[in-house]
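K.L.:
I would like the atomic coordinates for the input below:
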Amino acid sequence: MARDVQPGNAGMMFSAFAATPIAAMELFHNWAVQAQANTEAFERAFQGSVSYGIQTHQDLMQFALMRLKKNTETAKELATSRDRADLVRIASELHRTALEDYLSKVKDLADKSLQMVAESMRPLEERARASVAELPKAA
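P.N.:
From the prediction side, this is the model:
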């Protein structure tokens, strides 16, 4: 009787339960296996996102320390400058290098973000494809 149920029929699960306890157990087992696989895929995707967050934090701390070092060196140069032209040269160099550093870091973070999204979503995409392939088995 359970084999006569057509996909898309709202009563499919209830008909299977009514047909035989074994059919109902089989449906539940298939559901549990799929739910476990979905959970594992989500966990792998989440772990990738967390790893990216940790790496990004470390990168930003290194960047901040690098900029702090450059700013400290510039402050020392400014303190020992002799005239206005020297002050303007030092300050201009500080702003130029800061702009280059920040633009480079933003590009690096954007590239890493795109890579992280692609890598983190891969387990979910693979699981979605597997779920679609498993649909005929469940019916």
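
K.L.:
tell me the contacts of the residue nearest the centre of the chain?
P.N.:
In the chain, the C-alpha nearest the mean C-alpha coordinate belongs to residue 49, at 3.7 Å (Cα atoms, centre = their mean). For residue 49, the contacting residues are 116, 120, by Cβ atoms under 8 Å, 6 or more residues apart in numbering. In this view, the C-beta of every residue, glycine as well, is placed from N, C-alpha and C.

K.L.:
Local confidence estimate at residue 49?
P.N.:
Per-residue pLDDT puts residue 49 at 87.

K.L.:
what about it, helix or strand, and which?
P.N.:
helix 21-79 (DSSP states H and E).

K.L.:
which element follows that helix toward the C-terminus?
P.N.:
Following helix 21-79 toward the C-terminus (DSSP H and E): helix 84-138.

K.L.:
Low-confidence stretches in this protein?
P.N.:
1-19, 136-139 (pLDDT under 70).

K.L.:
Tell me which residues of stretch 23-40 come out buried.
P.N.:
Neighbour-count burial for stretch 23-40 flags 23, 24, 27, 34 (criterion: 16 or more other Cβ atoms under 10 Å).

K.L.:
In a markdown table: those, plus distance to residue 95.
P.N.:
Output for the buried residues of stretch 23-40, formatted as a markdown table (distance: Cβ to Cβ, whole Å):
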| residue | distance to residue 95 |
| --- | --- |
| 23 | 73 |
| 24 | 72 |
| 27 | 67 |
| 34 | 57 |
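
K.L.:
How far does the helix holding residue 49 sit from its chain's centre?
P.N.:
Centroid separation between helix 21-79 and its chain, computed with Cα atoms, centre = their mean, to the nearest Å, is 6 Å.

K.L.:
With stretch 111-122 instead?
P.N.:
Put simply, stretch 111-122 sits 6 Å off its chain's centre (Cα atoms, centre = their mean).

K.L.:
pretty sure residue 38 contacts residue 128?
P.N.:
No. Counting by Cβ atoms under 8 Å, residue 38 sits too far from residue 128 to count as a contact (9.1 Å).
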